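> Based on what follows, work out the 3D shape:
(one chain, ligands or ions: 1)
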Amino acid sequence: MLSQKIDALKDELIAALQESVRIPSVGGDPEEGAPFGPGPRKSLDWTLAFAEKMGFRTKNVENVAGWAEMGEGDEMVAVLGHLDVVPEGKGWTVDPWGGELKNGMIYGRGVLDNKGPVMVGLFAAKAIFDSGVALKRRIRVIFGTNEERGSKCMKRYVEAGEELPAAGFTPDAEYPIIYAEKGILTYTLSLPFAPSGDMKVLSLEGGLAANVVMAEVRTEITDPRPECRKRILDAAAAWKGPEGSSLGASEDVAKQVVTLEMKGHPAHGSTPEKGINALACLADFVNGLRLKGEQGDFFALFSKLIGFETDGASLGIAMKDDVSGSLTACVGVVKLSEGRATFTLNLRYPVTKKETEITAPLLETLANNGITVENVTSADPLYMPPESRLIKALQKAYTDVTGEKAELLAIGGGTYAKTMPNVVAFGPVFPGQTYKIHEEDECWSVEDIMKNAHIMAKVLVELAERK
Ligand SMILES: [Zn+2]
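Predicted coordinates:
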């Protein structure tokens, strides 16, 4: 009965998703009534109005998030998703804001990440109530508008005292089930960096973000002595780093400057071992130049404490557990300002460890080496026991619909699930699939959309419990 109801809503669901994708909802600068920019606000308004037409009770939470709810009961179970999207970028073969349906696929920025799953959640809930299933708990679809830029939407939802789910899931990652997400600590660290001697570092800049392994770093070194500049150029030509890295060097004779461009390889901050840290390569090279004073000390210390390591061993924080594996360390960004070199260190620690087990030894190492902590942000680990009701319900629904075993996954952390209690990441991407999330031609197949709808409806009934 429920299953037929879902299939009957297919055309309506597809049309609604196409319309949702046609609203460009890239985060932007705050405007009046639109804390995350006009695009996300417009998408929020449209989604709330659409849900209301479907028969949901709705609420706009301070223009940063919204919810749509059906049913009765003291408690509520939730689907958690987001309406904001990353910029469309280049290279599309279709209109990124067209919501085009072609060969069984819907194309568009956000169709999968994450407007599609929000829409599927709404239709799954509607199908449940249309089919007359009586449940003990209410079903709520919660949608934020700042997931791609820090999830401030959900922090606000929680702080504003909005109801928290008794159980829920966020279809904003992958199947089967992510039951463990590492804790995250992101440090901005600094060291004095005054140039001294004849050979001076004028600039040092590299990296894109704290959660991406630094793939490129550029530095300018000046020296009035031509033979010393030649020595740098010769050493650069002879330098051999890890496979996949490369060093470019050029000289501006008039300015007496040698520019070095070191290339490593990017990787996500949760898997730094898959990348090559360009700053580690550069430090390795620069150490051979024997720079004097603080500038030389910086590179030497960097190599000693971090270098190519991605497990925090020399920082004194290497650790692991059976659930989620080893602590990882990612160096993302470096720059010079006001006589200091600053760089970011993004740490992901195992779920069974406490934050202080990392911070205590780390702060001691930093202090002993004259490194200053400029800033730190943290997110606790997430761990939902395999025997919990939530995990059991997700496993059952997944296996019922797909016929596959629902393995539990542990990841480096950082999904929407961390924004509120009793929630884990579940779907929407099946193992082995690539739908170009955050890339050109993002798409989602109608077949998988419907498969997701069947899974979500089953889970929601399971979690909300039949009367
Ligand atoms: Zn997302």
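
> For the rest of this, base every contact and every neighbour count on C-alpha atoms.
Will do.

> first to last residue in stretch 188-208, what's the distance?
In stretch 188-208, first residue to last residue: 14 Å (CA to CA, to the nearest Å).

> Tell me which residues of that stretch come out buried.
The neighbour-count check on stretch 188-208 (16 or more other CA atoms under 10 Å) flags 188-195, 199-201, 204-207 as buried.

> got it, and stretch 293-302?
Neighbour-count burial for stretch 293-302, counted by 16+ other CA under 10 Å, picks out 294-301.

> contacting residues around it?
191-197, 200-201, 280, 283-284, 286-287, 290, 341, 369 (CA atoms under 8 Å, 6 or more residues apart in numbering).

> ok, now stretch 304-317?
Residues from elsewhere that reach stretch 304-317 (CA under 8 Å, 6+ apart): 272-273, 276-277, 279-281, 283-284, 318-319, 326-330, 358, 361-362, 365-366.

> In strands only, show me the buried residues of stretch 293-302.
Within those, no residue falls in strands by DSSP state E.

> thinking D223 is in contact with V253, fair?
No: D223 lies out of contact with V253 (CA atoms under 8 Å); the separation is 10.2 Å.

> and whichever residue of the stretch 251-400 of the chain sits closest to the ion, how many residues sit next to it?
The ion sits closest to H268 of the stretch 251-400 of the chain, with a gap of 15.1 Å, by CA to the ion. H268 has 17 neighbours, counted by other CA atoms under 10 Å.

> and it, what are its bridge partners?
Judged by DSSP bridges, the bridge partners of H268 are V212.

> i'd like the first residue to be 520 from this point on
Okay, using 520 as the starting number, the last item reads as H787.

> isn't it right up against V732?
Yes: using CA under 8 Å, H787 makes contact with V732 at a distance of 6.4 Å.

> what residues are shared contacts of the two?
Here H787 and V732 share the contacting residues G794, scored by CA under 8 Å, 6+ apart.

> now for the one helix or strand M673 maps to, which elements pack on it?
For M673, the element it lies in under DSSP states H and E is helix 671-678. Here helix 671-678 touches strand 584-589, going by 3 or more CA pairs under 8 Å, 6 or more residues apart in numbering; DSSP states H and E.

> gap between A686 and the ion?
According to CA to the ion, to the nearest Å, A686 and the ion sit 20 Å apart.

> Surely that residue is in contact with N941?
Yes: if you go by CA under 8 Å, A686 and N941 touch, sitting 5.0 Å apart.

> Name the residues contacting each of these two.
Both A686 and N941 are in contact with L909, where contact means CA under 8 Å, 6+ apart.

> and M624, backbone torsions?
In terms of degrees, to the nearest 10, the main-chain angles of M624 are phi -120, psi 140.

> Contact residues of the chain facing the ion?
Residues of the chain lying close to the ion by CA under 5 Å from the ion are 632, 691.

> so which residue of the chain comes closest to the ion?
For the chain, CA to the ion, closest residue to the ion: D632, 4.5 Å.

> For A929, see how far away that residue is.
20 Å.

> what residue lies at the spatial centre of this structure?
The residue lying closest to the centre of the chain (CA atoms, centre = their mean) is G933, at 5.5 Å.

> any idea how far A860 is from that one?
G933 sits 28 Å away from A860, going by CA to CA.

> Export the buried residues of stretch 812-821 as CSV, with columns for pLDDT.
Formatted as CSV, the buried residues of stretch 812-821 follow (pLDDT from 0 to 100):
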residue, pLDDT
E813, 97
Q814, 97
G815, 96
D816, 97
F817, 98
F818, 98
A819, 98
L820, 98
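
> Need those in JSON lines (columns: distance to Q952).
Listed next are these as JSON lines, based on distance: CA to CA, whole Å:
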{"residue": "E813", "distance to Q952": "49"}
{"residue": "Q814", "distance to Q952": "47"}
{"residue": "G815", "distance to Q952": "47"}
{"residue": "D816", "distance to Q952": "47"}
{"residue": "F817", "distance to Q952": "43"}
{"residue": "F818", "distance to Q952": "42"}
{"residue": "A819", "distance to Q952": "43"}
{"residue": "L820", "distance to Q952": "42"}
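
> mind listing which of the residues you listed are in helices?
813-820 (DSSP state H).

> Now do H957, the pLDDT please.
As summarised for this prediction, H957 has a pLDDT of 87.

> so what's it up against?
By CA under 8 Å, 6+ apart, H957 lies in contact with 605, 607, 628, 632.

> hmm, try it at 10 Å
Residues in contact with H957, defined by CA atoms under 10 Å, 6 or more residues apart in numbering, are 604-608, 628-629, 631-632.

> what's the farthest-apart pair in these?
G608 and L631 (15.9 Å; CA to CA).

> Looking only at neighbour counts, state which of these two leads.
Taking other CA under 10 Å, G608 and L631 do not tie; L631 has more neighbours (29 against 12).

> per-residue pLDDT, the more buried one?
97.

> how close does it sit to I542?
14 Å.

> what does P684 give?
28 Å.

> Likewise for E594?
Distance from E594 to I542, counting by CA to CA: 33 Å.

> E588 now?
23 Å.

> Tell me which helix or strand comes right after the helix or strand containing A916.
Element membership of A916, judged by DSSP H and E, is helix 908-921. As assigned by DSSP H and E, the chain's next helix or strand after helix 908-921 is strand 927-930.

> buried residues in the helix with the most length in the chain?
In the chain, taking DSSP H as the definition, the longest helix is helix 965-983. Using 16+ other CA under 10 Å as the test for burial, helix 965-983 gives 965, 968-983.

> thinking again about what came up before, which one of D632 and A929 is surrounded by more residues?
D632 (28 against 18).
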